[in-house]
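Colleague: Predicted coordinates and the sequence they were generated for:
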Amino acid sequence: MGIDLSGTSNLERKKVTVADFSKMKNHDQPIVMVTSYDYPTSIIADEVGVDSILVGDSYGMVVLGYDTTIPVTVEELLPVCQAVKRGSSHSLLIGDMPFLSFQVSEEDAIRNAGRFVKEGRMEAVKIEGGTEMAHMARAVTKAGIPVLGHIGITPQTATLHGGYRIQGKNADSGERLIEDAKSLEDAGVFGIVLEMITEEVAKVITKTVSVPTIGIGSGRYCDGQVLVLHDILGLYPRFLPKFAKRYVDLASTIKAAVADYASEVRRGGFPEERHVFKMDDTERVRMDSRQKKS
Ligand code: KIV
């Protein structure tokens, strides 16, 4: 039997915790994670009952229009985290630590992770990197902040190394990824994002580690899935990765609505009578008479 996090109404729903992630893995209950970068989509995701919301550094690309996630800063993400927090009361909230906010020193990693919790009001942080970053994950976890690992394609460094390449295409690289996952598990992470890893390797990792794996482009055998909300909604028209599924084409819907608005304004169709504010009759008469005198 699965664990019941849903309740019968949104008010009754239980708050999802990091401990629930491991219970869900043990009960074969798929974990649903989605990104959000603002108050309205956080409300929607929370009401739908997603288990976790990730304030991803993908915000830099999807919302700010950067080419990569490299320029994203802690200062840029903190107000985004706060907005998402205001919209959500049940989902587990995870803040994504941006490039160079955790790599310099353990002290720096703890201090910046602390900002996500204290100022951003997140409940956990995500750190990119495998064995080479495990000591940072350990330090942050030891400081009392739950860490979600992230291996496979790690966008912050992938772009510096020549782009996004599917990971785990051969046995050697598969072995390295399994070692990465084990190092992170040993460091105390509560889960690991597997990004663009072959399905075979992702399956082995999922069986090998005791913590849940959250796949993005890593096939059907992970313990959960995460997608960028703008990909689900068709709101990032520049590019749709092969692994993502567009459930609705909101960009076209928005385009049509803005085009309708523009054409109504141009032909005098908007605003209509029902959109305007009126003076009361006495005040209008007083104003008219003043106008006539002047
Ligand atoms: O920044 C992000 O959105 C992510 C997910 C794609 C896992 O890291």
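Modeller: That came in fine, so what should we check first?

Colleague: and whichever strand or helix holds T206, what does it pack onto?
Modeller: Per DSSP states H and E: T206 is located in helix 199-208. Judged by 3 or more Cβ pairs under 8 Å, 6 or more residues apart in numbering; DSSP states H and E, the packing partners of helix 199-208 are helix 171-187, strand 191-195, strand 213-216. In this view, the C-beta of every residue, glycine as well, is placed from N, C-alpha and C.

Colleague: contacting residues for P241?
Modeller: P241 is in contact with G217, D231, counting by Cβ atoms under 8 Å, 6 or more residues apart in numbering.

Colleague: Show me how far stretch 277-294 is from its chain's centre.
Modeller: 54 Å (Cα atoms, centre = their mean, to the nearest Å).

Colleague: Identify each of the helices in this structure and give its residue range.
Modeller: Using DSSP state H, the helices of the chain run over residues 18-26, 39-48, 59-62, 74-87, 106-118, 134-142, 155-158, 171-187, 199-208, 229-233, 250-266, 281-293.

Colleague: how close does V55 get to the ligand?
Modeller: Using Cβ to the nearest ligand atom, to the nearest Å, V55 is found at 8 Å from the ligand.

Colleague: Is that residue bridged to anything, and to what?
Modeller: Beta-bridge partners for V55, by DSSP bridges, are G95.

Colleague: What about it, how many residues nearby?
Modeller: By the criterion of other Cβ atoms under 10 Å, V55 has 28 neighbours.

Colleague: Give me the neighbour count for L250.
Modeller: Neighbours of L250 (other Cβ under 10 Å): 16.

Colleague: Just the pLDDT for it.
Modeller: Per-residue pLDDT puts L250 at 96.

Colleague: cool, the one 4 residues further on as well?
Modeller: Per-residue confidence at I254 stands at 97 (pLDDT).

Colleague: Please name the residues that touch it.
Modeller: Contacts of I254 by Cβ under 8 Å, 6+ apart are L235.

Colleague: Check what pLDDT the closest residue to the ligand within the stretch 51-200 of the chain gets.
Modeller: Closest to the ligand within the stretch 51-200 of the chain is G56: 2.3 Å, counting by Cβ to the nearest ligand atom. At G56, the predicted lDDT confidence score is 98.

Colleague: can you check F277 too?
Modeller: If you check F277, the pLDDT there is 97.

Colleague: got it, and T154?
Modeller: 93.

Colleague: check contacts around it.
Modeller: T154 neighbours (Cβ under 8 Å, 6+ apart): E128, G129, E195.

Colleague: tally of neighbours for R238?
Modeller: Number of residues near R238 (other Cβ under 10 Å) recorded here: 8.

Colleague: quick thing: my sequence starts at 5, can you match it?
Modeller: That works, and once the first residue is 5, the last one we named lands at R242.

Colleague: Arrange the helices and strands packed on helix 203-212 in a markdown table, one row each, with mean neighbour count and distance to V121 as further columns.
Modeller: Below are those laid out as a markdown table (neighbours: other Cβ atoms under 10 Å; distance: least, Cβ to Cβ, whole Å):
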| stretch | mean neighbour count | distance to V121 |
| --- | --- | --- |
| helix 175-191 | 18 | 18 |
| strand 195-199 | 28 | 17 |
| strand 217-220 | 28 | 20 |
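
Colleague: Residue numbers of this structure in contact with the ligand?
Modeller: Within the chain, the positions adjacent to the ligand are T39, L58, G60, D61, S62, D100, V197, I220, V230, V232 by Cβ under 6 Å from any ligand atom.

Colleague: Run a quick neighbour tally on the closest residue to F274 other than its chain neighbours.
Modeller: Spatial nearest neighbour of F274, chain neighbours left out: E268 (3.9 Å); criterion: Cβ to Cβ, 6 or more residues apart in numbering. Look at E268: counted by other Cβ under 10 Å, it has 13 neighbours.

Colleague: Would you map out the domains in the chain?
Modeller: 22-252, 267-297 (automatic domain parsing).

Colleague: Just say which of the ones you listed is most tucked in.
Modeller: Counting by mean count of other Cβ atoms under 10 Å, domain 22-252 has the highest mean neighbour count of the domains of the chain, with a mean of 20.

Colleague: can I get the helices of the chain in TSV with distance to R278?
Modeller: Shown next, in TSV, are the helices of the chain (distance: least, Cβ to Cβ, whole Å):
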stretch	distance to R278
helix 22-30	48
helix 43-52	25
helix 63-66	36
helix 78-91	30
helix 110-122	46
helix 138-146	55
helix 159-162	48
helix 175-191	58
helix 203-212	55
helix 233-237	30
helix 254-270	13
helix 285-297	19
